[in-house]
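Student: Got a predicted structure plus its sequence, pasted below:
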Amino acid sequence: MGTLSSSLLAWYGRMGRSLPWRDDPTPYHVLLSETMLQQTRVGAVLSRYEEILRAAPTLEALASLKEEEMLKLWEGLGYYSRARNLWKAAQKIQEDGRFPDDYEGLKALPGVGDYTASALLAIAFHKKAIAVDGNLERVYSRLRMSMKEGPGLKKEAGSFFLEELGEEDPSAFNQALMDLGELVCLPKGTPRCEECPLKGLCLAHHERAELQFPKKKAPSTRKTVHLQVFLLSYGGKRVLRIRPDKGLLASLAEFPNAETDDPKEALSLLGLRAGPLSPLGHSSHTFTHLRWEMDWHEGELLSPPPEGYLLLDEEEERALPLPSAFSFGRKKRVPGD
Ligand code: SF4
């Protein structure tokens, strides 16, 4: 057993996190948890994982959900394309009659990229693979003082840890690295090097240069968009609509909104006629490449909304999956939701 793997696995035996999907790492449980963990922190996933498993205890049960039921189950987790892909992947596995257990077969599932395929291989099937995410990149970069960033760093980290894995259990080895990155070799602030099982092997620690790695990418430019958003009623019903079936938050519900600083102009762009508007406040929502600054208004329509809008009673509105970008409005409309 190599020094790195033996120190790491001994530490994992003592300090590894107890997570619900680790108790019974079936391929379905690993696929579900890894899909949920993409772009979402463990703390936020914990309670929702149990909830989704209660509604869909098996892959077969998940595949048999209706698309709206799947999206409703995912509500609040964001990045809804993950939910759709997971649902489609479950259906494909059902149709094929088996869960693939090789890299090519896994990559052929909707939404399964290199990371999730590797995590499934290692954790669910105990095959030699390394699932490289930001945690592993950071640990590797500091261990070796790597000057790489982006895909180059990912590739180097994968090869390095694959070699260090040796004949150890890939499942424990991968999860130990994930935990080390989350709990000790922290992404923000000072890493807890004194608690780190790899400190004797870590070049950045030796040089007291931990915070200089990984090398930073040039900052991305995120566009800011100003939206006027409306909580409107007509005949006692709420006015909503469904977003286009392509692009950001595709096919999900939203409160009527338009990109402008002027609420009157927004109503005209939306083809709506409303009485006096009351300001409700401001919220913002950040996507990967975009930030929405949202001014909220409330009012009554003076005439029925044109085709394309939905008029819903409160129960129907509650049943509709609403992206978290619009949760400010839902809280205003449905107190306690
Ligand atoms: S010694 Fe410090 S910098 Fe090096 S891997 Fe451990 S926590 Fe990260």
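Tutor: Here it is on my side, so go on.
Student: where does the closest residue to residue 140 other than its chain neighbours land on pLDDT?
Tutor: Excluding the flanking residues, the one nearest residue 140 by CB to CB, 6 or more residues apart in numbering is residue 157, at 3.6 Å. Where you see a C-beta, it was placed from the backbone N, CA and C, and this is true even at glycine. For residue 157, the model assigns a pLDDT of 98.
Student: what's the answer for the one 3 residues further on, then?
Tutor: Residue-level confidence at residue 160 comes out at 98, pLDDT.
Student: hang on, it in a helix?
Tutor: Yes. Residue 160: assigned to a helix according to DSSP: H, G, I helix; E, B strand; the rest coil.
Student: Identify the residues contacting residue 320.
Tutor: Each residue near residue 320 by CB atoms under 8 Å, 6 or more residues apart in numbering is listed here: 72, 240, 253, 312.
Student: Kindly apply the preceding question to residue 205 instead.
Tutor: 142, 193, 196, 199.
Student: how about 6 Å then?
Tutor: By CB atoms under 6 Å, 6 or more residues apart in numbering, the contact list for residue 205 reads 193, 199.
Student: same deal with residue 172?
Tutor: residue 9.
Student: Now the phi/psi pair for it, please.
Tutor: Note on residue 172: its backbone torsions stand at phi -60, psi -40 [degrees, to the nearest 10].
Student: and if you look at residue 277?
Tutor: Here is the backbone geometry of residue 277 (degrees, to the nearest 10): phi -100, psi 140.
Student: before we move on, what about the one 4 residues further on?
Tutor: The phi and psi torsions at residue 281 (degrees, to the nearest 10) take the values phi 130, psi -170.
Student: still on that earlier bit, in what helix or strand does the residue nearest to residue 140 lie?
Tutor: Per DSSP states H and E: residue 157 is located in helix 150-165.
Student: is it true that residue 59 touches residue 90?
Tutor: Yes. Counting by CB atoms under 6 Å, residue 90 is a contact partner of residue 59 at 5.1 Å.
Student: Which residue of those two possesses the greater neighbour count?
Tutor: residue 90 (26 against 21; other CB atoms under 10 Å).
Student: Okay, the residue nearest to that one when sequence neighbours are not counted and residue 91: tell me how far apart.
Tutor: Setting aside the residues directly before and after it, residue 90 is nearest to residue 63 in space (CB to CB, 6+ apart), at 3.9 Å. Remark: distance between residue 63 and residue 91 (CB to CB, to the nearest Å) = 5 Å.
Student: residues shared between the contacts of these two?
Tutor: What both residue 63 and residue 91 touch, as defined by CB under 6 Å, 6+ apart, is an empty set.
Student: Any buried residues in stretch 148-155, and which?
Tutor: 148-149, 153-154 (16 or more other CB atoms under 10 Å).
Student: Dump those into CSV; add distance to residue 5 as well.
Tutor: Listed next are these as CSV, based on distance: CB to CB, whole Å:
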residue, distance to residue 5
148, 22
149, 26
153, 21
154, 20
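Student: from those, which single one is nearest the ligand?
Tutor: Nearest to the ligand, judged by CB to the nearest ligand atom, of the buried residues of stretch 148-155 is residue 153 at 14.6 Å.
Student: Buried residues, stretch 314-329. List them.
Tutor: So, applying 16+ other CB under 10 Å, buried residues of stretch 314-329: 317, 320-323, 325-326, 328-329.
Student: Then stretch 81-98?
Tutor: Buried, per 16+ other CB under 10 Å, within stretch 81-98: 82-91, 93.
Student: low-confidence ranges in the stretch 1-150 of the chain?
Tutor: By pLDDT under 70, the low-scoring segments of the stretch 1-150 of the chain are 1.
Student: How about the residue in it positioned nearest to the ligand, nearest residue that isn't a chain neighbour?
Tutor: Relative to the ligand, the nearest point of the stretch 1-150 of the chain is residue 142 (3.8 Å; CB to the nearest ligand atom). Spatial nearest neighbour of residue 142, chain neighbours left out: residue 204 (4.0 Å); criterion: CB to CB, 6+ apart.
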